[in-house]
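Trainee: Dropping a prediction and its sequence here:
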Amino acid sequence: MAQKQTNKAKKEAPKPVKKVAVQKAAPKKVSVDVPAVSEKELLLQSLRGMRDILPDEQPYWERVRRSLSNAAQEYGFQRIDVPTVEYLHLFVRSIKEGTDIIDKEIYSFETRGGDRVALRPEFSAGVARAYIQHGMSVLPKPIRLFSMGPVFRYDRPQEGRYRELWQGNFEIFGEDDPILDAQVLQLAYRVVQELGLKNIEFQVNSIGSTESRKRYEKALVRFLESQKQKLCQNCRERLSTNPMRTLDCKEDKCAQLTATAPQAIDFLDDESRAHFKSLLEYLDELEIPYSINTRLVRGLDYYTRTVFEIWSSDREGKKYALGGGGRYDGLIRELGGESTPAIGFGLGLDRIVLEMKRNQVRPYEAAKPRVFIAQLGDLAKKKSLRLFSDLEKHGILAAESFGRGSLKAQLRVANRLGSEVTVILGQKEALDGTAIVKDMVSGTQETVTREKLVDAVKKILKSNVALAHPKKS
RNA sequence: GUGGCCAUCGUUCAACGGUUAGGACUUCGGUUUGUGGUACCGAUAAUCAGGGUUCGAUUCCCUGUGGCCACCCCA
């Protein structure tokens, strides 16, 4: 949107079209059979639930990205980037059938080579795969890994809910001490706090070890089966597929029934109980606002012991999930690696940006050019390109409007950009080896030789800073 | 996946079934020579798509598409 186009380019540019069918390009040689193009595919429109993050919005994203990277660094996380596409089976094995993510939301397809693959719906599976594949278990423990990028879920879009969404992801492998659980929550809290988000609350729960979880599920099914008629249709199906998810069903009747159902917390093995207790003590120590939600289950199947979610609420008390995570001590082993405890969490960046706007948080501000280069005439135009790079080498950011011809138009741009200094290079100056340095605040200007140019510019910039921040004395 | 509301220039807001589809903001150009602001002038630019009803559809109906809201779920 902010891109300038030369007149020539503009003329050649296609007429902007929006949601409009365009002429099919002349058929070119293609190497594959492309099915007939549908009307829909001719629309110049991003796919449903997929969006462009335009330059206007980037400062918010930049702030989030920086915050995450900094936090990762400070907490000793190393960056890892894993592929967007993996074998479908990797996700099925880790997240498991019976979860919404696998059953309804995964983007899967077959490649040309016949591989069944899927766009990642989250990071942990891929990171865990990388951990095993590259023998990371030989690295000194714990191993802390950070990722950031898009993940995909085929869901019905709404505000803050997209089919392509961005996540920041943190994982710690190789340590089962609950202090790491606490540290991970601390990190999550630190990030959202630093981003200026208010009214943050964590919900935590423990669903126990794989074994105690199984025991609990059995008891829960036994209880619910006996009163199956009181459950909604959905939950009746869940009984066989994913019984624990009945716990966070929002249907009234289900909620009423499950309120009296056995609680996971009562089925915890001794170790898990101790683990959870320690975690809570650490959280108290850290003064992280949390509440225990015994019904919190999470939509992925690989969790053990600690699970948590991060919620933000607005003035009306409406709540938004910003992230979540938990411990998955069994995952690496289940995928075929050696038994490795792990904990991790993901943050939804789209929602964080949304919350930042809601909270009127200041976006990231990039350094702005304070100098403008104006040129007049062919020779000067040639030289101005060099001038730009000379200034840049001296650490002076310059803006320009090389495509514009008249000096008036260029100064107008300089003014609009709030430039403090404009360097004017005309035909005469280009021949003389001089340039005009114009102070845009006072309007005064002087002609200086090329050698003195940088100093002259710096002098004005410096005096402006002094004006803006007068020394106390 | 279910239900509801909505859809006009890049943005925002107009237009009793008959308008050259209008304004504001933005963008671009200009108000005579190599100097910014304001003001003024001008230009570019839209009825989401496909059907139907009608002499005539931006307007009414249907379908599709997309956005939003509530479920569902989560991030």
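Mentor: Now that the structure is in, tell me what you want to look at.

Trainee: Show me which residues of the stretch 351-473 of chain A sit near RNA strand B.
Mentor: A:351, A:376, A:404-409, A:411-416, A:424, A:426-429, A:436, A:438-443, A:445 (CB under 7 Å from any atom of the strand). Heads up, the C-betas are built off the backbone N, CA and C, glycines and all.

Trainee: And the residues you listed, which of them are buried?
Mentor: Buried by 16 or more other CB atoms under 10 Å: A:351, A:376, A:404, A:411, A:413-414, A:424, A:426, A:429, A:436, A:438-440, out of these.

Trainee: Among the residues of the stretch 351-473 of chain A next to RNA strand B, name the ones in strands.
Mentor: A:424, A:436, A:438-439, A:445 (DSSP state E).

Trainee: which residues sit against the host helix or strand of A:F146?
Mentor: Using DSSP states H and E, A:F146 sits within strand A:143-152. Residues outside strand A:143-152 that contact it (CB atoms under 8 Å, 6 or more residues apart in numbering) are A:65, A:68-69, A:72, A:75-82, A:84, A:107, A:119-123, A:127, A:131, A:136, A:163-174, A:349.

Trainee: quick check, that strand touching RNA strand B?
Mentor: No - legend: contact between strand A:143-152 and RNA strand B by CB under 7 Å from any atom of the strand is lacking; minimum distance shown is 7.9 Å.

Trainee: partners of that strand in the sheet?
Mentor: strand A:78-79 (parallel), strand A:164-173 (antiparallel) (DSSP bridges).

Trainee: Can you say which of these is packed in most?
Mentor: strand A:164-173 (a mean of 24; mean count of other CB atoms under 10 Å).

Trainee: Give me the mean pLDDT for that strand.
Mentor: Across strand A:164-173, the average pLDDT comes to 96.

Trainee: Next: stretch A:134-153.
Mentor: 96.

Trainee: Just the C-alphas of it, formatted as CSV.
Mentor: Listed next in CSV are the C-alpha coordinates belonging to stretch A:134-153 (Å, rounded to 0.1, in the frame of the first residue of the first chain):
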residue,chain,number,x,y,z
HIS,A,134,19.2,-35.4,15.6
GLY,A,135,20.0,-37.3,18.7
MET,A,136,19.6,-34.2,20.8
SER,A,137,19.4,-36.4,23.9
VAL,A,138,23.2,-36.4,24.1
LEU,A,139,23.2,-32.6,24.7
PRO,A,140,23.5,-31.4,28.2
LYS,A,141,20.1,-31.3,29.9
PRO,A,142,17.8,-29.6,30.0
ILE,A,143,17.5,-28.6,26.4
ARG,A,144,15.5,-25.5,25.8
LEU,A,145,14.1,-24.8,22.3
PHE,A,146,12.2,-21.9,20.9
SER,A,147,10.3,-21.6,17.7
MET,A,148,8.1,-19.1,16.0
GLY,A,149,6.0,-19.4,12.9
PRO,A,150,2.7,-20.2,11.4
VAL,A,151,0.6,-23.3,12.2
PHE,A,152,-2.6,-24.4,10.5
ARG,A,153,-6.0,-25.4,11.7
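
Trainee: List the buried residues of that stretch.
Mentor: For stretch A:134-153, by 16+ other CB under 10 Å, it's A:136-137, A:142-153.

Trainee: Let me know the closest of these to A:L268.
Mentor: Checking the buried residues of stretch A:134-153 against A:L268 with CB to CB, the nearest one is A:P142 at 23.4 Å.

Trainee: Correct me if wrong: the closest one contacts A:D176.
Mentor: No - at 9.6 Å, A:P142 does not count as touching A:D176 under the criterion of CB atoms under 8 Å.

Trainee: just for the stretch 101-250 of chain A, where's the confidence low?
Mentor: Across the stretch 101-250 of chain A, the ranges flagged by pLDDT under 70 are A:249-250.

Trainee: Could I get the full set of strands for it?
Mentor: Secondary structure of the stretch 101-250 of chain A (DSSP state E, counting those that start in this stretch): strands at A:108-110, A:116-119, A:143-152, A:164-173, A:200-206.

Trainee: Export those strands to a markdown table and append columns for distance to A:Y60.
Mentor: Formatted as a markdown table, these follow (distance: least, CB to CB, whole Å):
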| stretch | distance to A:Y60 |
| --- | --- |
| strand A:108-110 | 32 |
| strand A:116-119 | 25 |
| strand A:143-152 | 15 |
| strand A:164-173 | 12 |
| strand A:200-206 | 18 |
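
Trainee: Out of those, flag the one nearest A:D390.
Mentor: That would be strand A:143-152 among those, by CB to CB, at 36.4 Å.

Trainee: now the closest one, how far from the centre of its chain.
Mentor: 9 Å (CA atoms, centre = their mean, to the nearest Å).

Trainee: among the contacts of strand A:143-152, which are in reach of RNA strand B?
Mentor: Within the contacts of strand A:143-152, those near RNA strand B by CB under 7 Å from any atom of the strand are A:122, A:163, A:165, A:167.

Trainee: Tell me the bridge partners for the closest residue to the last one other than its chain neighbours.
Mentor: For A:Q167, ignoring the flanking residues on the chain, the nearest one in space by CB to CB, 6 or more residues apart in numbering is A:G346 at 4.6 Å. Under DSSP bridges, the beta-bridge partners of A:G346 are A:N169, A:G324.

Trainee: I figured A:G346 hits A:G324, correct?
Mentor: Yes - with contact defined as CB under 8 Å, A:G346 reaches A:G324; the gap is 6.9 Å.

Trainee: How is chain A divided into domains?
Mentor: Domain assignment for chain A, taken from automatic domain parsing, gives A:55-209+A:269-358, A:371-464.

Trainee: For those, could you give me a markdown table that also reports distance to A:L47?
Mentor: Formatted as a markdown table, the domains of chain A follow (distance: least, CB to CB, whole Å):
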| stretch | distance to A:L47 |
| --- | --- |
| domain A:55-209+A:269-358 | 7 |
| domain A:371-464 | 34 |
